[in-house]
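sharing a sequence plus its predicted fold:
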Amino acid sequence: MRHATPAVVFGRLREDILRAVDSSAEREDLFARVNYYNKLTPGIADMPGVPLGKVDRSKSRYFIDLQEYLKYFPQSLRVDYCFGDVTWVPEVPSVVKSRPVAGENRNSVVLNLDKLRHFQVQRDAHPWSSKLPRAVWRGSLNNPLRAALVARHRDSRFADVGHIGAAHDGIAAKPFLSPADQLAYRYILSIEGCDVATNLKWIMASGSLCLMPKSRYETWFMEGRLQPGRHFIEVRDDFADLEEKIDMLESTPALAAEVVHNANRYVATFRSRARERLTSLLVLQKYFEATGQLPASAYTARFFA
């Protein structure tokens, strides 16, 4: 229905929505997020290549999520984008779902794409006291990090970890566990796959504690802002300290409770649909200003301070 609605209708709404910036009590946080997702500076020489009305529809989940916000802007504008699991930085400023955390990533302009898959939250009916005092992980062995975890801890009394699918290097698969099944454990491992770990958001929204190596990639969730010891407990890339970390957390329940509380608060910042829409529109407003397609606005000074 949104796609069938003429873009001119959304264009009339855009200015009304953006006026909410002036009355927002969270203006500083709002622009901090916008400038985190979009680090472009003015004066980009190359005009983006694709008219807004010609964005590729073949990857429908990405198309629908991008078009949700492009509809608010004049369809004569142009955009570059990379759909899929993007682990590199594009050569030209492009809208992406994911990007590397480290290094110069200015050309990667992050929007919340493929959000139906990445931003699902599970209901957790298990109080901490009833959860199993072990770590759990299930997934495919699509990178060396995950293979290292399974190789080292598949028989650990501290953890129930295993891969699904066919046997790998002589290691048999374990039965599938749904997110609801995994929430019966106190500690859930979040291990990056092709880019970010899709389970990170629902773990941090639950009453279980997230264990993971520090993120190499980030999305709209701003994984690069997560702090070890505050939002999650960091483990080594080879997982040699996993049992030690679980033992430490079991002996300091107050620390575990604090980390879970901080993680829940972090996830809560993404729960307002109105705030997420406003943030997304400002990210694109800055993109079109930086590429010289829209004139300076009331927000320009905040974009490029």
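Nice, I can see it.

I figured A184 hits H126, correct?
Yes - under the criterion of C-beta atoms under 8 Å, A184 makes contact with H126 at 5.6 Å. Using the backbone N, CA and C atoms, a C-beta is placed for each residue, glycine as well.

now stretch 23-36, how far from the chain's geometric center?
Remark: stretch 23-36 is offset 18 Å from the chain centroid, using C-alpha atoms, centre = their mean, to the nearest Å.

what mean pLDDT does it get?
On average, the pLDDT along stretch 23-36 is 90.

could you do stretch 270-281 as well?
Averaged over stretch 270-281, pLDDT sits at 95.

just stretch 193-208 next, same as before
Stretch 193-208 comes out at a mean pLDDT of 95.

with just CA atoms, put that stretch into PDB.
Backbone C-alpha positions of stretch 193-208 (Å, rounded to 0.1, in the frame of the first residue of the first chain) are rendered in PDB as follows:
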ATOM      1  CA  GLY A 193      28.200 -14.700  10.400                       C
ATOM      2  CA  CYS A 194      28.400 -13.200   6.900                       C
ATOM      3  CA  ASP A 195      28.400  -9.800   8.500                       C
ATOM      4  CA  VAL A 196      26.800  -9.100  11.800                       C
ATOM      5  CA  ALA A 197      25.100 -11.600  14.100                       C
ATOM      6  CA  THR A 198      21.400 -11.600  13.600                       C
ATOM      7  CA  ASN A 199      20.700 -12.900  17.100                       C
ATOM      8  CA  LEU A 200      22.400  -9.900  18.900                       C
ATOM      9  CA  LYS A 201      19.300  -7.700  19.100                       C
ATOM     10  CA  TRP A 202      17.000 -10.300  20.600                       C
ATOM     11  CA  ILE A 203      19.700 -11.500  23.000                       C
ATOM     12  CA  MET A 204      20.200  -8.000  24.300                       C
ATOM     13  CA  ALA A 205      16.500  -7.400  24.600                       C
ATOM     14  CA  SER A 206      16.100 -10.600  26.700                       C
ATOM     15  CA  GLY A 207      16.800 -11.500  30.300                       C
ATOM     16  CA  SER A 208      19.900 -13.500  29.200                       C
END
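
buried sites along that stretch?
By neighbour count with 16 or more other C-beta atoms under 10 Å, stretch 193-208 contains the buried residues 193, 195-208.

go on, stretch 165-183?
A173, L177, P179, Q182, L183.

for it, the distance to its chain's centre please.
24 Å.

which residues sit against that stretch?
The contact list for stretch 165-183 (C-beta atoms under 8 Å, 6 or more residues apart in numbering) reads 122-126, 131, 136, 138, 140-141, 147, 150-151, 154, 160-164, 188, 199, 202, 206-208.

I'd like to know how many residues surround the residue nearest to G53 when sequence neighbours are not counted.
In this structure, G53 finds its nearest non-sequential neighbour in Q75, 4.7 Å apart by C-beta to C-beta, 6 or more residues apart in numbering. Burial of Q75 is recorded as 15 neighbouring residues (other C-beta atoms under 10 Å).

for K54, see how far away Q75 is.
9 Å (C-beta to C-beta, to the nearest Å).

look at the closest residue to D114 other than its chain neighbours and report its pLDDT.
In this structure, D114 finds its nearest non-sequential neighbour in R61, 4.9 Å apart by C-beta to C-beta, 6+ apart. R61 is assigned 91 on the pLDDT scale.

what's near enough to touch R61?
Shown in contact with R61 (C-beta under 8 Å, 6+ apart): L113, D114, L116, R117.

so it sits in a helix?
Yes - counting by DSSP: H, G, I helix; E, B strand; the rest coil, R61 falls inside a helix.

gap between it and Y266?
From R61 across to Y266, the span is 24 Å (C-beta to C-beta).

residues contacting the residue lying closest to V95 once chain neighbours are set aside?
Counting by C-beta to C-beta, 6+ apart, Y81 is the residue found nearest to V95 once chain neighbours are left out, at 4.2 Å. Counting by C-beta under 8 Å, 6+ apart, Y81 makes contact with V50, V55, L66, S94, V95, V96.

helix or strand: which one has the third one?
In this case it means L66. Element membership of L66, judged by DSSP states H and E, is helix 60-70.

likewise the fifth one?
For V95, the host element (DSSP H and E) is strand 94-96.

equivalent analysis for L281, please.
Here L281 is assigned to helix 273-290, by DSSP H and E.

ok, the residue nearest to G53 touching A7?
Yes - using C-beta under 8 Å, Q75 makes contact with A7 at a distance of 5.2 Å.

give me the common contacts of those two.
L52, G53.

my guess is W88 contacts G103, does it?
No - taking contacts as C-beta under 8 Å, W88 lies outside contact range of G103: 10.3 Å.
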